[in-house]
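**Q** Give me a 3D structure for the following:
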Amino acid sequence: MKLLILYGTTEGQTRKIAHFMEVFFQNAGYQVTIADSTANPPSPKEFDAILIGSSIHMHKYHTAINHYIKKHVEDLNLMPGAFFSVSLAAASEMEEEHLEVQKITNEFLEQTGWKPLMTTQIAGALKYTEYDYFKRQFV
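**A** Okay, here's the model as predicted:
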């Protein structure tokens, strides 16, 4: 089975998660292609299934992921697919934060028209030591 894993990342955590998935599915016997959404990703027509993931920043997913899904929504809705959302809120113990992230995901998928078979929330990473002075003060 040919699987495409497409991701959108800001600080690299979603890319790390996507590469972990790549190894997992390769070990399970899948032919896996992994692609950054900003680097001219392949059409989903070339694959049997797709995993799309993006981190959330400022209550929004990556623009390139949004454009890809809208461009290919008809094909995506005809194939097995899953969406993984990466955020710090997924690691929170506060139920309100989990509900907020799920609301953002549901609204995003409704707005794009994609109906994946599965969605999941995955905890992101806070790379505080890699932030510049101003970003650290803001956080």
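
**Q** gap between residue 9 and residue 65?
**A** In this view, residue 9 and residue 65 are 10 Å apart by Cβ to Cβ, to the nearest Å. For the C-beta atoms, the positions are set from N, CA and C on the backbone; glycine is no exception.

**Q** which of these two has more neighbours?
**A** The residue with more neighbours, out of residue 9 and residue 65, is residue 65; 25 against 21, by other Cβ atoms under 10 Å.

**Q** Show me what the helix or strand encompassing the more buried one is packed up against.
**A** In this structure, residue 65 is located in helix 63-76 according to DSSP states H and E. Secondary-structure packing of helix 63-76 (3 or more Cβ pairs under 8 Å, 6 or more residues apart in numbering; DSSP states H and E): strand 2-8, strand 49-55, helix 95-112.

**Q** How about residues contacting that helix?
**A** Contacts with helix 63-76, where a contact means Cβ atoms under 8 Å, 6 or more residues apart in numbering, come from 6-8, 37-38, 41, 43-45, 50, 52, 54, 108, 112-114, 116.

**Q** on that earlier part again, spit out the residues that contact residue 9 and residue 65 alike.
**A** With Cβ under 8 Å, 6+ apart applied, the overlap between the contact sets of residue 9 and residue 65 consists of residue 54.

**Q** still on that earlier bit, any idea which of the helices and strands packed on helix 63-76 gets closest to residue 84?
**A** The closest approach between residue 84 and any of the helices and strands packed on helix 63-76, judged by Cβ to Cβ, belongs to strand 49-55 at 3.9 Å.

**Q** What strands flank that closest one, and is each parallel or antiparallel?
**A** Its sheet considered, strand 49-55 pairs with strand 2-8 (parallel), strand 81-87 (parallel) by DSSP bridges.
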